[in-house]
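1. Coordinates for the following, if possible.
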Amino acid sequence: MYMNTNTRILAPEFDFARPASLAEAFALLRKHGRGARLLAGGTDLLVQMKMERLSPELVVSLAGVKELDGITMGDGLTIGAGTTIQSLSRSPAVGARFAALREACNAFSTVSIMYMGTLGGNICNASPAADTAPALLVHDASVIIASAGSERRVPLAEFFAGPGKTVLKPGEIVTEVRLPAPAAGTGSAFRKISRVVADISQVCAAVSLVRDGARITGCRIALGSVAPTPVRVARAEAALTGAEGTADAFAKAAEIVAEDIRPISDVRASESYRRHVARTIVRDALQTAWQRAGEGATK
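-> Sure, this is the predicted structure:
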């Protein structure tokens, strides 16, 4: 048992387990049910426990489960859910073809958080402000969800169910994140605005464009901190698809984004400020992605 009477650290009692395999992790989840919580990097769970918002009976660390770690490049990209943000930010495979994801990882809080935080933890936390989520959405990511007896693949766009909520069922673990290979002529970019570098975003946005000559033949635009979940903006995507890649077209699409998002006012930013920022960073990201798409390689 772990116990500390200093409520600024970890007040509740809890058991701790460090399985060496997914099979062991599944067995622990099956035995302890909803009383167990998974620990990846711990950058969110430990904060929630210190603030006494969560009091799990058992903390199951996935740090020893090597099956969850690693980046594999094939036709697309397969990322183990336990892969750290720092590893992603430095990966040549990510940097070469998935620029928006690389930039999202580079914008991820502090260096210490980047070394501890994992991709799986970031998306399973299901924060509307998760930095990697918009980038993964524009790269058409899906997640592999496994349990003791089954495995399923879920598009990331269908994974988030609300603030702090996902489609994960009891006993399930996200094991991988998969990104298909981008089409030729693809460019992508990520932008983030926050109060200070280490803060979560006031608004973050990612875009991906497919360029064929002077025209846009494919487009994805996603944002964080502007709705209950990370979201794509379908109307803006449709407005750009088939259009010429001009500054005017990008400005009009950014205006649609500002109209269609659903931001709130809170301690970090007002609703009107978030709309203004969204318009600005989406326009900038589109221009950058368009330029990258014309450089002869997917980025």
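2. Please enumerate the strands of the protein.
-> Taking DSSP state E, the strands of the chain run over residues 15-17, 36-39, 58-61, 71-73, 77-80, 142-146, 151-155, 160-162, 165-166, 173-179, 186-193, 203-212, 215-224, 231-232.
3. Buried deepest among these, which one?
-> strand 203-212 (a mean of 28; mean count of other C-beta atoms under 10 Å). Any C-beta I mention is one placed from the backbone N, CA and C, and that applies to glycine too.
4. And residue 76, how close does it get to residue 228?
-> 29 Å (C-beta to C-beta, to the nearest Å).
5. nope, residue 50 is what I was after
-> Counting by C-beta to C-beta - residue 50 and residue 228 are separated by 25 Å.
6. do residue 182 as well
-> In terms of C-beta to C-beta, residue 182 sits 28 Å off from residue 228.
7. quick one, which of those two is more surrounded?
-> residue 182 (24 against 15; other C-beta atoms under 10 Å).
8. Going by neighbour count, which residues in stretch 194-202 are buried?
-> By neighbour count with 16 or more other C-beta atoms under 10 Å, stretch 194-202 contains the buried residues 194, 200-202.
9. Export those as TSV, with columns for pLDDT and distance to residue 158.
-> Formatted as TSV, the buried residues of stretch 194-202 follow (pLDDT from 0 to 100; distance: C-beta to C-beta, whole Å):
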residue	pLDDT	distance to residue 158
194	91	27
200	85	23
201	91	22
202	95	26
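10. Now compare these and name the two farthest from each other.
-> With distances taken as C-beta to C-beta, the most widely separated pair in the buried residues of stretch 194-202 is 200 and 202, at 8.2 Å.
11. residues shared between the contacts of the two?
-> 194, 225, 268 (C-beta atoms under 8 Å, 6 or more residues apart in numbering).
12. With distance to residue 134 added, can I get those in TSV?
-> Shown next, in TSV, are those (distance: C-beta to C-beta, whole Å):
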residue	distance to residue 134
194	14
225	9
268	17
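13. just those now: which is nearest residue 58?
-> Within the shared contacts of residue 200 and residue 202, the smallest distance to residue 58 is 32.1 Å, found for residue 225 (C-beta to C-beta).
14. tally of neighbours for the nearest residue to that closest one once chain neighbours are set aside?
-> Spatial nearest neighbour of residue 225, chain neighbours left out: residue 129 (4.4 Å); criterion: C-beta to C-beta, 6 or more residues apart in numbering. For residue 129, the neighbour count with other C-beta under 10 Å is 21.
15. which residues touch residue 129?
-> 200-201, 204, 224-225.
16. hmm, try it at 6 Å
-> Counting by C-beta atoms under 6 Å, 6 or more residues apart in numbering, residue 129 touches 200-201, 224-225.
17. And the lowest-mean-pLDDT helix or strand in the chain, how far out from the chain middle?
-> Lowest on mean pLDDT, DSSP states H and E among the helices and strands of the chain sits helix 45-50, with a mean of 84. Taking the mean of its C-alpha atoms, helix 45-50 sits 20 Å from the chain's own mean (C-alpha atoms, centre = their mean, to the nearest Å).
18. and residue 283, how many neighbours does it have?
-> For residue 283, the count of nearby residues is 22 (other C-beta under 10 Å).
19. show me what contacts the nearest residue to it once chain neighbours are set aside?
-> What sits nearest to residue 283 in space, not counting adjacent residues and going by C-beta to C-beta, 6+ apart, is residue 254, at 3.9 Å. With contact taken as C-beta under 6 Å, 6+ apart, residue 254 is in contact with 279, 282-283.
20. and those residues, which of them are in helices?
-> Residues of the contacts of residue 254 located in helices (DSSP state H): 279, 282-283.
21. Residue 239: which of these is nearest?
-> Among the ones in helices among the contacts of residue 254, and counting by C-beta to C-beta, the member closest to residue 239 is residue 282, at 11.9 Å.
22. now the closest one: how far from residue 294?
-> Between residue 282 and residue 294 the computed distance is 19 Å (C-beta to C-beta).
23. Any idea what the residue nearest to residue 281 when sequence neighbours are not counted is bridged to?
-> In space, and not counting its chain neighbours, residue 281 is closest to residue 191: 3.9 Å by C-beta to C-beta, 6+ apart. Beta-bridge partners of residue 191, counted by DSSP bridges, are residue 205.
24. Who are the contact partners of residue 191?
-> Residues near residue 191 by C-beta under 6 Å, 6+ apart: 205, 281, 284-285.
25. picking that back up, redo the strands of the chain as a markdown table? Include distance to residue 27.
-> Listed next are the strands of the chain as a markdown table, based on distance: least, C-beta to C-beta, whole Å:
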| stretch | distance to residue 27 |
| --- | --- |
| strand 15-17 | 10 |
| strand 36-39 | 11 |
| strand 58-61 | 10 |
| strand 71-73 | 27 |
| strand 77-80 | 20 |
| strand 142-146 | 13 |
| strand 151-155 | 17 |
| strand 160-162 | 26 |
| strand 165-166 | 22 |
| strand 173-179 | 12 |
| strand 186-193 | 38 |
| strand 203-212 | 37 |
| strand 215-224 | 35 |
| strand 231-232 | 37 |
